[in-house]
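1. I'd like to go over a predicted model; first the sequence, then the structure.
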Amino acid sequence: MRRIVIAALSFLMSVPLTAATVRGTVLVKDSRLPGTTVTLRFGETVMTTVSDADGAFSFQNVPVSDAMLTAEFSGLRNAKTTFRIKESDSEVALTLKMKLRRADDSIVIVCGPPRYDQGSVFTMYRNEADKLPIGH
């Protein structure tokens, strides 16, 4: 029985890691962008998530493969990157940087919970957005 356990453990230790965590952050300029749709494609599989309040996203148990990561947000150009997950990878960390589509494009910004007395949704143009003191 002891030999079987040792043989099983030896086999399990020799099996290469075949899945990784893909995580990262979505940025616009140097600020983190929450609420961004992030899509991971590998093989025939498509996984989608939304970046959290810090602009962070994560995909678990991604197999060894060539992959493409896309970030989408209304008013911004999609950010894309391709990469390879190798057997030796347990985690892959990426940053996706987004930009306005055109200088005259506008984006919609939603600020916290609805405030009906003042409104919580407004339109801002790029020249106005560039002046905002946006923190991380």
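-> Received, thanks.

2. which regions of this protein lie under the pLDDT threshold?
-> 1-17, 102-136 (pLDDT under 70).

3. can you point me to the longest strand in it?
-> Ranked by residue count under DSSP state E, the longest strand found in the chain is strand 19-28.

4. Tabulate the CA atom coordinates of that one in CSV.
-> Extracted in CSV, the C-alpha atoms of strand 19-28 (Å, rounded to 0.1, in the frame of the first residue of the first chain):
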residue,chain,number,x,y,z
ALA,A,19,-4.0,26.0,-15.9
ALA,A,20,-3.3,29.5,-14.9
THR,A,21,-5.0,32.6,-13.5
VAL,A,22,-5.1,35.5,-15.9
ARG,A,23,-5.5,38.8,-14.0
GLY,A,24,-4.9,42.4,-14.7
THR,A,25,-6.0,46.0,-14.7
VAL,A,26,-7.8,48.3,-17.1
LEU,A,27,-6.6,51.8,-17.4
VAL,A,28,-7.6,55.0,-19.2
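
5. List the buried residues for stretch 22-31?
-> Neighbour counts over stretch 22-31 (16 or more other Cβ atoms under 10 Å) mark 22, 24, 25, 26, 27, 28 as buried. All C-beta spots, glycine's among them, are computed from the backbone N, C-alpha and C.

6. Equivalent analysis for stretch 65-82, please.
-> Result for stretch 65-82 [16+ other Cβ under 10 Å]: buried residues 65, 67, 69, 70, 71, 72, 73, 75, 76, 79.

7. quick check, nearest of those residues to residue 56?
-> For those, the closest approach to residue 56 (Cβ to Cβ) belongs to residue 71, at 11.9 Å.

8. so the closest one makes contact with residue 35?
-> No - the criterion here is Cβ atoms under 8 Å, and residue 71 misses it with residue 35 at 10.8 Å.
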